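A.B. asks: any chance you can model this:
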Amino acid sequence: MRVARARESRREAAAVVTDAGAGAGAGADAVWYVERALTDEDVRTVVEFLDAEKTRKSLKREKGSLATKRRSAALPPASAASAVFSSARLLRTLRGITGEDALVLGDYPIELRACDVGSEMDWHRDVVMYEPAQWECVFTVRNDSDSETEWIVDEGTGETRAVRTSAGSVIVVRAGGAMHRVLPSTRGERVVVKALYTTETRVKTDAFSEILDSAPWRR
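C.D. replies: Residues are numbered from 1 along each chain as shown. Now for the predicted structure:
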């Protein structure tokens with residue numbers, strides 16, 4: 001991959017979508033960055049949960065992960081923070097982006113992830129845990145870091161795009177699709193929530209239990 005060729009212009013080329021309908025019918029290799037996917041109230045709900053002393057203590061350092069200097073915890077299913085990610089309004093937004101009219105929140109636990117200074121994640125494709133492949137959604141709830149998420153637009157030319165995600169935004173990627181990474185930060189903290197969405201008719205792959213068993217918050 002000739003990634004370096006597009007590095008100087010990648011920030012200007014970042015795909016910022018404010019109208020979720022503009023992404024309808026996104027292909028398997030598409031990456032969508034949508035600002036204001038969450039409402040201000042949604043963000044406050046998750047941040048209040050994040051800032052609780054019990055939550056901070058529950059965040060566990062990931063080991064043996066592609067990501068470095070990252071801590072994570074599973075959101076309790078019955079919590080107000082979890083409810084944010086299955087709201088009717090958000091599902092309408094995600095269905096508009098993906099073109100999947102029956103898209104629902106998957107049954108893999110919703111993960112809260114705190115990325116510390118120096119945190120990064122190398123180039124990868126998300127592992128397929130369902131058939132049909134899930135849509136992986138990474139919602140930013142706090143970001144005072146200088147980290148950027150970068151993805152390959154054209155593997156032939158090495159064209160990339162990148163964005164520094166803002167609070168309330170979401171990046172949507174189909175598992176097994178686009179190559180992407182998170183560039184290392186030099187300051188601040190980036191806190192995201194990762195949730196998996198799929199169709200109501202789905203079958204788990206072998207990878208589902210393997211990834212679930214290795215999750216740091218299962219230790």
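A.B. asks: which strand is the longest one in this protein?
C.D. replies: In the chain, with assignment by DSSP state E, the single longest strand is strand 111-124.
A.B. asks: what distance separates the following helix or strand past it from the centre of its chain?
C.D. replies: Next along the chain after strand 111-124, taking DSSP states H and E as the criterion, comes strand 130-131. From the chain centre to the centre of strand 130-131 is a distance of 18 Å (Cα atoms, centre = their mean, to the nearest Å).
A.B. asks: show me what strand 130-131 is packed against.
C.D. replies: Applying 3 or more Cβ pairs under 8 Å, 6 or more residues apart in numbering; DSSP states H and E, one finds that strand 130-131 makes contact with strand 203-204. From N, CA and C alone the C-beta is placed, and that goes for glycine too.
A.B. asks: apply 6 Å and report the result again.
C.D. replies: The helices and strands touching strand 130-131, judged by 3 or more Cβ pairs under 6 Å, 6 or more residues apart in numbering; DSSP states H and E, number zero.
A.B. asks: and the longest strand of the chain, which strands flank it?
C.D. replies: Strand pairing for strand 111-124, determined by DSSP bridges: strand 67-74 (antiparallel), strand 180-182 (antiparallel), strand 190-199 (antiparallel).
A.B. asks: give me the mean pLDDT for that strand.
C.D. replies: Averaging the model's pLDDT scores along strand 111-124 yields 96.
A.B. asks: give me the contacts around that strand.
C.D. replies: The contact list for strand 111-124 (Cβ atoms under 6 Å, 6 or more residues apart in numbering) reads 59, 66-73, 75, 179, 181-182, 184-185, 190-194.
A.B. asks: let's go with 7 Å and repeat that
C.D. replies: 50, 59, 66-75, 147, 179, 181-194 (Cβ atoms under 7 Å, 6 or more residues apart in numbering).
A.B. asks: swap in stretch 60-79?
C.D. replies: 49, 55, 58-59, 81-82, 109-116, 118-122, 124, 216-217, 219.
A.B. asks: mean confidence score for that stretch?
C.D. replies: The model assigns stretch 60-79 a mean pLDDT of 92.
A.B. asks: only the buried residues of it, if you could.
C.D. replies: Glu62, Ala67, Thr68, Arg70, Arg71, Ser72, Ala73, Ala74, Leu75 (16 or more other Cβ atoms under 10 Å).
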